[in-house]
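Chemist: Here is a sequence with its predicted model. Questions after.
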Amino acid sequence: MISGIVDTAHTLAVRHTEGDHPDLDAARRAALRGLEIDETAEVPYRDWMNIEWGAGNGTGVRKAITRLQQIAPTGLPPHAPGGTDLTCTWAW
């Protein structure tokens, strides 16, 4: 049941970012709702970071990374090149 809710939040976040006039506030709310349901789910964090990046909000990206690091101190999955160090060096 929880994974279904997180999947729905992901779908809403993605749909709100698509099209000519994305609604990043609604997308952000959907991603954060997914995290309220399951703070350990990877997809809402990815959605949140992408939304903040799309909004040009470097502070928001860092906030998402910090929150992720708090619940998973080892950082991003090993398949992410450079782990969290890479994400923190993005040009804003």
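Modeler: Noted; the coordinates are in hand.

Chemist: rest of the way, CA atoms for contacts and neighbours
Modeler: Fine.

Chemist: what about Gly19, neighbour count?
Modeler: Applying the criterion other C-alpha atoms under 10 Å, we find 8 residues in the vicinity of Gly19.

Chemist: typo on my end, it should be Arg46
Modeler: 16.

Chemist: What of Gln70?
Modeler: Count around Gln70 with other C-alpha under 10 Å applied: 11.

Chemist: Which phi and psi values does it adopt?
Modeler: phi -70, psi -40 (degrees, to the nearest 10).

Chemist: which stretches of this protein have low pLDDT?
Modeler: Residue ranges of the chain with pLDDT under 70: 73-92.

Chemist: all helices for it, in order.
Modeler: 2-17, 24-37, 42-54, 58-71, 83-88 (DSSP state H).

Chemist: tell me which strands and helices the first one is in contact with?
Modeler: Other elements packing on helix 2-17 under the criterion 3 or more C-alpha pairs under 8 Å, 6 or more residues apart in numbering; DSSP states H and E are helix 24-37, helix 42-54.

Chemist: Buried residues of it, list them for me.
Modeler: Applying a neighbour-count criterion of 16 or more other C-alpha atoms under 10 Å, one finds Val6, Asp7, Thr8, Ala9, His10, Leu12, Ala13, Val14, His16, Thr17 buried in helix 2-17.

Chemist: quick check: angle from that helix to helix 42-54?
Modeler: In terms of direction (axes from the mean of the first three to the mean of the last three C-alpha atoms, to 10 degrees), helix 2-17 departs from helix 42-54 by 20 degrees.

Chemist: Dump helix 2-17 to CSV, restricted to CA.
Modeler: The C-alpha coordinates for helix 2-17 follow below in CSV (Å, rounded to 0.1, in the frame of the first residue of the first chain):
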residue,chain,number,x,y,z
ILE,A,2,2.8,2.4,1.0
SER,A,3,4.7,1.8,-2.3
GLY,A,4,1.5,2.5,-4.3
ILE,A,5,1.1,5.9,-2.6
VAL,A,6,4.8,6.7,-3.2
ASP,A,7,4.4,5.7,-6.8
THR,A,8,1.4,7.9,-7.2
ALA,A,9,3.2,10.8,-5.6
HIS,A,10,6.0,10.2,-8.1
THR,A,11,3.6,10.2,-11.0
LEU,A,12,2.0,13.4,-9.9
ALA,A,13,5.4,15.1,-9.4
VAL,A,14,6.5,14.1,-12.9
ARG,A,15,3.3,15.2,-14.5
HIS,A,16,3.4,18.6,-12.9
THR,A,17,6.9,19.1,-14.3
